[in-house]
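S.K.: test case, fold it:
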Amino acid sequence: MTHPEKLKKGVPKGNAMSKELLRTEHINKAFSGVPALMDVQFDLKAGEVHALLGENGAGKSTLMKIISGVYTRDSGDLVIQGEKIVHDLTPLSAQSKGVGIIHQELNLCPHLTVAGNIFLNREYTNKAGILNKKKQNEEARQYLNQLNLDIDPSTPTNKLPVSKQQMVEICKTLSMNANIVIMDEPTSSLTEKEIEDLFSVIALLKEKGKGIVYISHRLEELSRIVDRVTILRDGRYVKTLNYAETNLPEIISLMVGRSLTEKFPRIEVPRGEKVLEVKNLNSAHGVGVKDVSFELRQGEILGIAGLVGSGRTETLEAIFGLSTLKSGRIFKKNAEIKNRRPYQAMRNGFAMVTEERRATGIFSILNVRDNITVANMKNYLLANFYINNSKIIKDADWAIKALRIKTQNQRTLIRALSGGNQQKAIFGRWMLTTPDILLLDEPTRGIDVGAKYEIYQLMIDLAEKGDSIIMVSSELPELLGVCDRILVMSGGLMTGDLDVKTTNQEEIMTLAAKYA
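M.R.: Presented below is the predicted three-dimensional model:
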């Protein structure tokens, strides 16, 4: 396995794209009688990156899961590398036909090593069936090197941050030597450098004649890699375009079915009195938070920027009681509070939307209604014994309508919803607890442009009502577009406190790299 050459920014285009690797026609799929895909078409050629775009719930992931054998189609034609697929695919049979998929949500076994995950179900064994760890680690190292990853293949995967786990997921698919590579939100957890490394690998795959289906809500990155784009809306095929012949406003309009002239619905909200003061927070373990201090005012949206490992998430976790502090004090409206556990933070008027919704956000075995109302159960008790089911149903209905959550009904299992709709349900959960300080860790990760706008509008509405928000985000345009101030962190330290009116991305990145 050779290391890919260091490429210039972007991915070279103009490769010969004649051989058809994949074609779907008239694909239909319904869940419990509710249509998810209706008469959908899509095709992929060798040596191209074909973006599949649409809002959350448009049917993108459903179509890709049909192609990769996770779901079966109700009707329609599927042709893979010239072979018409008559029988239903399974994940293994799809893999044998050259289909590899990088799922939006991490699909790793956390207690296996990195090498164990990369070669899961394809382990290197000797004639006696005994695992050859040395050989497996050597092979895993080659795929890690392709992405410039300095990771020990013998490291347990659960010891890695989310961004590194995402890169392991990518290595796992690359190791299958697939001709059709499906990337579902591959950059949602990656740093800028890791994205550059991924784009270099995409360039290498294109040169080798592989076809890449690319799903992303980061529309700005499409110009770097995409040859064609197909748009779905509400489970229906809308249009296929050559990327060079279109633009982002047209793409967004086709996605949402309306013109979206502004990405960030900024409204100047007067900032009131100081509602939160954090003094000299230090983590009890590791180097996540070092002597962090800042203030938050009523009606303020405060952003936290920094590279992965800078201490952004750890700061929110320390405030919300998810991690133990070595030292530091927290004041709310000038009175000292103790958020040693999340339930204490909730009593003190805090709420937190975590970064990894699948692992720490949703309860996947519960339905939408239970996921929305689970944090507010004390308000549904009658005489501390009976549960007021009618109020639960009413509150869940409010959240579904207010946040436009696309679900068949309240009893639908939340794992059946798209990632963006799961995120909206989590927002609804915390809105019902009526917090006055909301902590958001990457709240728009994996969410489409229309849903992002709705989340931004919700944040601004809360600020107008006097609530205060702290938001961690890896997307600098988002922080600059939504926040009033931006705190910058590097190496666990606070390196900047910036006003969005007078700062820019270059200043933020300089401060973020200060101790990296």
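S.K.: show me where pLDDT drops low in the stretch 1-150 of the chain?
M.R.: In the predicted model of the stretch 1-150 of the chain, residues 1-18, 104-105 satisfy pLDDT under 70.
S.K.: and the helices in it, which stretches?
M.R.: Listed in chain order, the helices of the stretch 1-150 of the chain (DSSP state H, counting those that start in this stretch) span 60-67, 91-96, 114-118, 133-146.
S.K.: so can I have JSON lines of the ones you listed showing distance to residue 202 and mean neighbour count?
M.R.: Where you see a C-beta, it was placed from the backbone N, CA and C, and this is true even at glycine. Shown next, in JSON lines, are these (distance: least, Cβ to Cβ, whole Å; neighbours: other Cβ atoms under 10 Å):
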{"stretch": "helix 60-67", "distance to residue 202": "17", "mean neighbour count": "25"}
{"stretch": "helix 91-96", "distance to residue 202": "20", "mean neighbour count": "15"}
{"stretch": "helix 114-118", "distance to residue 202": "19", "mean neighbour count": "26"}
{"stretch": "helix 133-146", "distance to residue 202": "11", "mean neighbour count": "18"}
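S.K.: looking at these, which is nearest to residue 245?
M.R.: Each of the helices of the stretch 1-150 of the chain was scored for nearness to residue 245 using Cβ to Cβ, and the closest is helix 60-67 (21.6 Å).
S.K.: list the contacts of that closest one.
M.R.: Outside helix 60-67, the residues within contact range by Cβ atoms under 8 Å, 6 or more residues apart in numbering are 22, 24, 27, 29, 36-37, 40, 42, 52-54, 71-73, 78, 80, 89, 94, 99, 101, 104, 180, 182, 184, 213, 215, 232, 235, 418-419.
S.K.: and the strands in the stretch 301-450 of the chain?
M.R.: 301-305, 325-332, 335-337, 350-353, 381-382, 386-387, 437-441 (DSSP state E, counting those that start in this stretch).
S.K.: off-centre distance for the third one?
M.R.: Same thing as strand 335-337. Centroid separation between strand 335-337 and its chain, computed with Cα atoms, centre = their mean, to the nearest Å, is 34 Å.
S.K.: dump the helices of the stretch 1-150 of the chain to TSV, plus distance to residue 160.
M.R.: Converted to TSV, the helices of the stretch 1-150 of the chain look like this (distance: least, Cβ to Cβ, whole Å):
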stretch	distance to residue 160
helix 60-67	24
helix 91-96	24
helix 114-118	7
helix 133-146	12
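S.K.: poorly predicted segments of the stretch 401-516 of the chain, please.
M.R.: For the stretch 401-516 of the chain, applying pLDDT under 70 flags the ranges 516.
S.K.: all helices for it, in order.
M.R.: Under the criterion DSSP H, counting those that start in this stretch, the stretch 401-516 of the chain contains helices at 419-431, 449-464, 476-482, 505-512.
S.K.: ok, which of those helices comes nearest residue 140?
M.R.: Closest approach to residue 140 among the helices of the stretch 401-516 of the chain (Cβ to Cβ): helix 419-431, 28.0 Å.
S.K.: list only buried entries from the contacts of helix 60-67.
M.R.: Those of these that meet the buried threshold are 22, 24, 27, 29, 36-37, 40, 42, 52-54, 71, 73, 78, 80, 89, 94, 99, 101, 104, 180, 182, 184, 213, 215, 232, 235, 418-419, by 16 or more other Cβ atoms under 10 Å.
S.K.: domain boundaries for the protein, per the record?
M.R.: 273-349+439-447+467-516, 353-434 (automatic domain parsing).
S.K.: so what touches stretch 186-197?
M.R.: 9, 102, 104, 147-149, 162-163, 165-167, 170, 198, 214, 216-218, 221, 307-308, 445-446, 474.
S.K.: how about the contacts made by the closest residue to residue 25 other than its chain neighbours?
M.R.: Spatial nearest neighbour of residue 25, excluding adjacent residues (Cβ to Cβ, 6 or more residues apart in numbering): residue 77 at 4.5 Å. By Cβ under 8 Å, 6+ apart, the residues touching residue 77 are 23, 24, 25, 26, 27, 84.
S.K.: how about 10 Å then?
M.R.: 23, 24, 25, 26, 27, 41, 84, 85, 86 (Cβ atoms under 10 Å, 6 or more residues apart in numbering).
S.K.: what's the answer for residue 484, then?
M.R.: Listed by Cβ under 10 Å, 6+ apart, the contact partners of residue 484 are 266, 268-269, 271, 297, 299-303, 463, 469, 499-501.
S.K.: same check on residue 296?
M.R.: Neighbouring residues of residue 296 by Cβ under 10 Å, 6+ apart: 271, 274-278, 302, 319, 332, 437, 468-470, 485, 487.
S.K.: quick one, which of those are buried?
M.R.: By 16+ other Cβ under 10 Å, these give 271, 274-278, 302, 319, 332, 437, 468-470, 485, 487 as buried.
S.K.: so which of the residues you listed are in strands?
M.R.: Among the buried ones among the contacts of residue 296, DSSP state E puts 274-278, 302, 332, 437, 468-470, 485, 487 in strands.
S.K.: quick revisit: so which of the contacts of residue 484 comes closest to residue 115?
M.R.: Closest to residue 115, out of all of these and judged by Cβ to Cβ, is residue 303, at 37.6 Å.
S.K.: please name the bridge partners of the closest one.
M.R.: Beta-bridge partners for residue 303, by DSSP bridges, are residue 471, residue 486.
S.K.: contact partners for it?
M.R.: Residue 303 is in contact with 312, 440, 469-473, 476, 478-488, 498, 500, 508, counting by Cβ under 10 Å, 6+ apart.
S.K.: try 6 Å this time
M.R.: 471, 479, 483, 486 (Cβ atoms under 6 Å, 6 or more residues apart in numbering).
S.K.: with adjacent residues omitted, what lies nearest to the second one?
M.R.: This means residue 479. Using Cβ to Cβ, 6+ apart and skipping the chain neighbours, the partner closest in space to residue 479 is residue 303 (3.9 Å).
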